[in-house]
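Enquirer: here are the coordinates; sequence isn't available:
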């Protein structure tokens, strides 16, 4: 299982990734991408619920951005 590379919320790299995700997955909002420290599963669960991908597929998508 891949871990997300983002260690803190709203870092420049996470904000850039979030912008790219919102372009690719138009149903996502800023709130969906809120990523508190240590809450990787929470953000993946929110996104998974909106777009229907598995958490592993989402991790792979994140790693490509």
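Expert: Thanks, I have the structure now. What you see is a predicted model; the values in this text were computed from it and never measured.
Enquirer: Show me where the protein has its helices.
Expert: 12-24, 40-51, 55-64 (DSSP state H).
Enquirer: got the angle between the second one and helix 55-64?
Expert: Direction vectors for helix 40-51 and helix 55-64, defined by axes from the mean of the first three to the mean of the last three Cα atoms, to 10 degrees, enclose an angle of 100 degrees.
Enquirer: For helix 40-51, which helices and strands make contact with it?
Expert: helix 55-64 (3 or more Cβ pairs under 8 Å, 6 or more residues apart in numbering; DSSP states H and E). Bear in mind the C-beta positions are built from the backbone N, C-alpha and C, glycine included.
Enquirer: Show me what counts as buried in the helix it packs on.
Expert: 55, 58-59, 61-62 (16 or more other Cβ atoms under 10 Å).
Enquirer: repeat for stretch 15-31
Expert: 17-18, 21, 28.
Enquirer: Which residue, other than its chain neighbours, is closest to residue 46?
Expert: residue 32 (4.9 Å; Cβ to Cβ, 6 or more residues apart in numbering).
Enquirer: and what of residue 30?
Expert: Going by Cβ to Cβ, 6+ apart, residue 30 has residue 18 as its nearest residue, at 7.4 Å.
Enquirer: Could you verify my assumption that the one you found touches residue 29?
Expert: No. With contacts counted by Cβ atoms under 8 Å, residue 18 stays clear of residue 29, the gap being 10.0 Å.
Enquirer: Show me the shaky parts of this protein.
Expert: 1-10 (pLDDT under 70).
Enquirer: ok, and the closest non-adjacent residue to residue 17?
Expert: residue 65 (4.9 Å).
Enquirer: thought the one you found was touching residue 20?
Expert: Yes. Between residue 65 and residue 20 there is a contact at 4.9 Å, judged by Cβ under 8 Å.
Enquirer: burial count for the residue nearest to residue 46?
Expert: 18 (other Cβ atoms under 10 Å).
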